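[1] Requesting a structural model of the entry that follows:
(chains A and B)
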2 protein chains.
Amino acid sequence: MSHAVSPLAPKTIPDMPVVEGVRFATAEAGIKYKGRTDVLLMAFAEGTEVAGVFTKSKCPSAPVEWCREKLGAGTARALVVNSGNANAFTGKTGRDTVAVTAAIAARAVGCGEDQVFLASTGVIGEPLAPTKFEGVLDAAAARLADGPWIDAARAIMTTDTYPKVATATVEVGGVPVVISGIAKGAGMIAPDMATMLSFVFTDAPIDAAVLQGLLSATVGTTFNAITVDSDTSTSDTLLMFATGTAAARGAPRIHAAGDPRLTEFSVALHRVLLDLAHQVVKDGEGARKFIEVQVMGATSDASARRIALSIANSPLVKTAVAGEDANWGRVVMAVGKAGEPADRDRLTISFGDIRVAAAGARDPDYSEAAASAAMQAEHIPIRVDLGLGSGRATVWTCDLTKEYVAINGDYRS
Amino acid sequence: MSHAVSPLAPKTIPDMPVVEGVRFATAEAGIKYKGRTDVLLMAFAEGTEVAGVFTKSKCPSAPVEWCREKLGAGTARALVVNSGNANAFTGKTGRDTVAVTAAIAARAVGCGEDQVFLASTGVIGEPLAPTKFEGVLDAAAARLADGPWIDAARAIMTTDTYPKVATATVEVGGVPVVISGIAKGAGMIAPDMATMLSFVFTDAPIDAAVLQGLLSATVGTTFNAITVDSDTSTSDTLLMFATGTAAARGAPRIHAAGDPRLTEFSVALHRVLLDLAHQVVKDGEGARKFIEVQVMGATSDASARRIALSIANSPLVKTAVAGEDANWGRVVMAVGKAGEPADRDRLTISFGDIRVAAAGARDPDYSEAAASAAMQAEHIPIRVDLGLGSGRATVWTCDLTKEYVAINGDYRS
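    The predicted structure is shown next:
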């Protein structure tokens, strides 16, 4: 099953630089897909620090449980990702598969099993045989290289219509370091977790605890601020690896959160994660429009966020955008249903630059023609001012089209 | 815009008896639709008691605010319902429209303005001119009759594909009384309110306070247990009117909640409301399947309800049902994302009589053929046993089809 590339896909793919200390190879294990890569093996330099954020699902996948457990040690030497099977809700078999796969990978790259991180994406509930990885990982280990990154991004795709990469180069203590990431979507995307799979790599020397703090702080306004369909996956995983190899070029090791030498780095990390998160939304199943929901004037940031998500998850708002219908009444509905403080008669709503409603009624200058014209854009900004306080939040989503239904009505079969 | 009648529509329409003390007429006010009735005027006998449950939206419509205010007095003489315009988010104009409409109706049927109840359904944010009702209500008042009920149900439809009526006849103190109701859906349906518009009538003599208690107690397992798209309307209204005219035939007046003479009546009221609620779901926009989600073994009934709603509102579960795909992995996902206590390894999931998953993995006897066959039914029961406690809940929903997207992508324009 393949679908046309999303019209919202980035027009260009950035040149992805080498990340020192990171090598990888992809392979075809034939887990579900035929004629495409479905396994990614990565190997990291000794001393690589790791941090992670995972799904908050009460029914997490076996690899998520494994990663959570291994994260404590803070060091990583390998990462194995497969697409086509999520190894979720697979009971004891699933746990065995994870352990056996880690053993195979550890042997292939020459490290301890506890230093192997794993992620799986695809169908839930289907047993995944570890034999699938047996010869494949050994062969991949023989082909490890420092590029091309687009191949890594491609191997982890499921219903994604394009591979997702992002990169930034910044200085830490005057020494250039790289931050590069890959991600995959494209359904079962909702906040409260590290949406689907994303892996981020840097050669900066940063302690695992500091890395974890950075990652956790950045995820709220990036991956946790996107939603495709309000459905939280069992497998969502965001892992960040810091090889520390830039130390050889004079980069200082960062031991403390709040170290001023990290300022530029954390801004760039935010940019890379937001870029990847937006790419996930823009590849939302069946997406034709990129929607930015900005809520301000709420009684708190948390309240603004809940209202923004109520709008972004409303099927009626999303189908209206799909139909290029400036149906702001549905935005009112979504504000009202959020259960958060709101005063109908203080509400202001804009679509892009067009103010459609103010003070609890349609804007006196409302023009159906102007509003309809604004809805034809590919990027639809919806702005809501509650007029109550200074709380604000922005979330991103896509429209809900017939293609979403088509893709999800026949995904498994 | 009209759509084919839902395949889930009831095969027969019940004979609707006269409800003593209730007369009504419908009219064409041309509010939005052409060539169909869009106004319902009802007149009630003197002494009619009234109770109501309304949307919990923070942005309620003007008629909802009016009804809430008037409900305190507990008596009603008239009801005016229009379709095509919700008179919601219409600011001061909306409040004026409500007051003027009540005055017109009061004059037409000869009662106080405070005894007139109002409900509007349709587009949000479009001003509704009270002049629409001027001559129309006077003319309707001259045509008041005690039937046919199907006309009343038809006048309040929006995207509904069939009119919704239900009735029961029971005894109160040995005297037969009637409970009859009408309802309209069919989108913007979600719990936490009295889903969309429904009006229920009885000739039993019951005090307003008792009626209110009965209605509030019954709504939780009927109208508040259905969801089409998780979107809560600004206008949801359930009103119940008791004309008390059965007193003339010897029915005792009920002054106290818990009066044993109400037992049969309250069972029948539940049946009528559940029937109407199911009809709303079965006319869910684009619906092809009726889904019953039953959750048991939760730590509490409230927890079971939240998990059931998480499943019933999941776009991925609903699209899988639309595609007749026994994708129980998505049920696992929806249980996991609910945030309620759940132990993956104790979970049992069945589709109808087919157990598909048990003890945290696919059922050992799982047969794809049997599961797929079960998904071809029109009525899909999804049963989840959490194996933790004795909490249980049942909610009802429909599948998510391309037609839902089509209907809502072009509703306003």
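[2] Residue A:380 - that's part of a strand, no?
    Yes - Residue A:380: assigned to a strand according to DSSP: H, G, I helix; E, B strand; the rest coil.
[3] Neighbours of the closest residue to residue A:386 other than its chain neighbours, how many?
    Setting aside the residues directly before and after it, residue A:386 is nearest to residue A:297 in space (Cβ to Cβ, 6 or more residues apart in numbering or on different chains), at 4.1 Å. Placement of C-beta: from N, CA and C, glycine included. Neighbours of residue A:297 under the rule other Cβ atoms under 10 Å in any protein chain shown: 18.
[4] Please report phi then psi for residue A:297.
    phi 70, psi 20 (degrees, to the nearest 10).
[5] tell me the pLDDT at it?
    What the model reports as pLDDT for residue A:297 is 97.
[6] how about it, what does it touch?
    Taking Cβ atoms under 8 Å, 6 or more residues apart in numbering or on different chains, we find residue A:297 in contact with A:346, A:348, A:384, A:385, A:386, A:387, A:388, A:389, A:390, A:391, A:392.
[7] swap the cut-off to 10 Å and go again
    A:304, A:342, A:346-348, A:384-392 (Cβ atoms under 10 Å, 6 or more residues apart in numbering or on different chains).
[8] Is it possible to mark the buried ones in these?
    Neighbour counting by 16 or more other Cβ atoms under 10 Å in any protein chain shown classes A:304, A:342, A:347, A:348, A:384, A:385, A:386, A:387, A:388, A:391, A:392 among the contacts of residue A:297 as buried.
[9] does chain B sit close to the host helix or strand of the fifth one?
    Assigned by DSSP states H and E, residue A:384 belongs to strand A:379-385. No - against chain B, strand A:379-385 shows no contacts by Cβ under 10 Å from any Cβ of the partner chain, the least distance being 11.2 Å.
[10] now stretch A:25-43
    No - using Cβ under 10 Å from any Cβ, stretch A:25-43 stays clear of chain B, coming no nearer than 13.2 Å.
[11] Identify each buried residue in that stretch, please.
    Residues of stretch A:25-43 classed as buried: A:25-27, A:29, A:31-33, A:37-43 (neighbour count, 16+ other Cβ under 10 Å).
[12] what do you get for stretch A:69-80?
    Buried, per 16+ other Cβ under 10 Å, within stretch A:69-80: A:70, A:71, A:75, A:76, A:77, A:78, A:79, A:80.
[13] Disregarding residues adjacent in the polypeptide, which is nearest to the residue sitting furthest away from the middle of chain A?
    For chain A, the residue at maximal distance from the C-alpha centroid (Cα atoms, centre = their mean) is residue A:364, at 40.5 Å. Of all residues not flanking residue A:364 in the chain, residue A:358 sits nearest, at 7.9 Å (Cβ to Cβ, 6+ apart).
[14] coming back round to it: tell me which other helices or strands the next helix or strand after the strand holding residue A:384 touches.
    The C-terminal neighbour of strand A:379-385 among helices and strands, as given by DSSP H and E, is strand A:391-398. Counting by 3 or more Cβ pairs under 10 Å, 6 or more residues apart in numbering or on different chains; DSSP states H and E, the packing neighbours recorded for strand A:391-398 are helix A:263-282, strand A:290-298, helix A:301-312, helix A:315-322, strand A:379-385.
[15] angle of the third one against helix A:263-282?
    When you say that, I think you mean helix A:301-312. If you take axes from the mean of the first three to the mean of the last three Cα atoms, to 10 degrees, helix A:301-312 sits at 30 degrees to helix A:263-282.
[16] Could you list every helix and strand that helix A:301-312 packs against?
    strand A:290-298, helix A:315-322, helix A:329-337, strand A:379-385, strand A:391-398.
[17] what do you get for the fourth one?
    Using 3+ Cβ pairs under 10 Å, 6+ apart, the elements in contact with helix A:315-322 are strand A:290-298, helix A:301-312, helix A:329-337, strand A:379-385, strand A:391-398, helix A:402-409, helix B:315-322, helix B:402-409.
[18] got the buried residues for that helix?
    Neighbour counts over helix A:315-322 (16+ other Cβ under 10 Å) mark A:315, A:316, A:317, A:318, A:319, A:320, A:321, A:322 as buried.
[19] For the stretch 1-150 of chain A, list the residues in contact with chain B, please.
    Within the stretch 1-150 of chain A, the positions near chain B by Cβ under 10 Å from any Cβ are A:55-62, A:65, A:86, A:88-95, A:122-127.
[20] What is the burial count for the nearest residue to residue A:5 once chain neighbours are set aside?
    Ranked by Cβ to Cβ, 6+ apart and with sequence neighbours excluded, the top spatial neighbour of residue A:5 is residue A:161, at 4.6 Å. By other Cβ under 10 Å, 19 other residues sit near residue A:161.
[21] Tell me if I'm right that residue A:161 and residue A:4 touch.
    Yes - under the criterion of Cβ atoms under 10 Å, residue A:161 makes contact with residue A:4 at 6.8 Å.
[22] what about the closest residue to residue A:244 other than its chain neighbours, distance to residue A:243?
    Leaving aside its sequence neighbours, residue A:244 sits nearest to residue A:205 (Cβ to Cβ, 6+ apart; 3.7 Å). Using Cβ to Cβ, to the nearest Å, residue A:205 is found at 8 Å from residue A:243.
[23] Show me the common contact partners of the two, please.
    Common neighbours of residue A:205 and residue A:243 (Cβ under 10 Å, 6+ apart) are A:47, A:49, A:177.
[24] What about the first one, how many residues nearby?
    Neighbour count for residue A:47, taken as other Cβ under 10 Å: 15.
[25] who's in contact with it?
    By Cβ under 10 Å, 6+ apart, the neighbours of residue A:47 are A:21, A:75, A:76, A:77, A:205, A:242, A:243, A:244, A:245, A:247.
[26] what do you get for the last one?
    In this structure, residue A:177 makes contact with A:19-20, A:168-171, A:202-206, A:242-247, A:249, A:251, A:264-265, A:268, judged by Cβ under 10 Å, 6+ apart.
[27] Figure out how far the host helix or strand of residue A:178 is from the centre of its chain.
    Element membership for residue A:178 (DSSP H and E) is strand A:175-184. Taking Cα atoms, centre = their mean, to the nearest Å, the mean C-alpha location of strand A:175-184 is offset from the chain mean by 14 Å.
[28] contacting residues around the nearest residue to residue A:146 once chain neighbours are set aside?
    What sits nearest to residue A:146 in space, not counting adjacent residues and going by Cβ to Cβ, 6+ apart, is residue A:18, at 4.5 Å. Contact analysis of residue A:18 by Cβ under 10 Å, 6+ apart lists A:145, A:146, A:147, A:149, A:178, A:180, A:203.
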